Each structure stands twice: as structure tokens, then as C-alpha cells.
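Colleague: What follows is a predicted structure for the sequence shown.
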Amino acid sequence: MWASEENVWVLFNDFSIEVLDANDINNVVASRKPGSVGSNDASIVGITVLSARKEIWVADNKGFAHVLDGLTLEPIETPEIKTEYGYPGNSIGSSDDGNHVAIGDTKGTVTLFDAEKREKKWYVKAHKNKSAQIKFTSDNEHMVSLGLDK
């Protein structure tokens, strides 16, 4: 769950997404059913909310990222956004300023994207196993990933 002064975004266990009115959480502003993103027959594995940009980035199990309007949950037309090696996404995180999004894949590679340009900036083989979680520091200068390494 993510929140701003106006909205609350909720990702449910079945990977459906709802946008709620922060002043009246019983008021569902928009909703998206599970697996209803992209045209590559993929399943959602994670979302991150870029509240500063009013966007939601969704990682799928085919290694793609999709960008949704943060208020309507409608897809925003973008060039293809894919993890470095195309392995399925497993975790996703964004910087507080909304400038960067990182996706960790099932093989341990973390790919960093420029959110505005919608392009890869950098990647690293960070883990021997899948990347489980990605967080950015509050100053937006550093990123930390948690892997399921042994």
C-alpha cells in the first residue's frame, strides 16, 4: 500500500490494484483486475507508485515494465521497457522523487530505469538468486536490494 495526501494505492494478493480517495477510503477511484496489464499475457508481480509523477510502474513475470496513470490506472503509451536480460521481474521499487525505478529479476539482476525517459540507465548482477525487494534512500542517492542469496 502507498499513500499521498489525495490517494491510497492498494495492491491485493491476487495482484489487482485499487486507487482509493485518501479522505474517504470507501470511495474507490479506479481499479484494475489481476493480469489485465500489457498485451503479452503476463501476470503482475509487483507495483511501485511514483506519486510525484502520478504514475504506477508495474513489473510482470515476463520481464517487462508497464506504466499506468496513477489516478485512472489506464496504460500510458511507452516504448518497450524490459529488464536487462529479459528474466521475469520479481521486485520493483522507485525513488521518492519519482526519477528512478529499479526492477529486480528472478536471476538476481537489478535494472535501473530513468522514469521520465523510460529507458535503462544501469544494471548489476546483484545477487546469486532472485531479488526480493528494492528500496531507495530518502535522499534518492542510493538504492538497496535484498536478495535471496545463501
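Modeller: Perfect, I can see it now.

Colleague: any chance you could map the strands in this structure?
Modeller: 2-3, 7-11, 17-21, 24-32, 44-50, 55-60, 64-69, 81-82, 89-94, 100-105, 109-114, 119-125, 131-136, 143-147 (DSSP state E).

Colleague: neighbours around the closest residue to residue 4 other than its chain neighbours, how many?
Modeller: Using Cβ to Cβ, 6 or more residues apart in numbering and skipping the chain neighbours, the partner closest in space to residue 4 is residue 51 (4.4 Å). In short, each C-beta sits where N, CA and C put it, glycine included. Residues contacting residue 51 under the criterion other Cβ atoms under 10 Å number 18.

Colleague: do residue 62 as well
Modeller: 17.

Colleague: which residue sits closest to it in space, ignoring its chain neighbours?
Modeller: Per Cβ to Cβ, 6+ apart, closest to residue 62 is residue 42, 4.2 Å.

Colleague: out of the strands of the chain, nearest to residue 75?
Modeller: strand 64-69 (5.9 Å; Cβ to Cβ).

Colleague: Could you pull up the residues touching residue 50?
Modeller: With contact taken as Cβ atoms under 8 Å, 6 or more residues apart in numbering, residue 50 is in contact with 56-57, 70, 94, 98, 101, 115.
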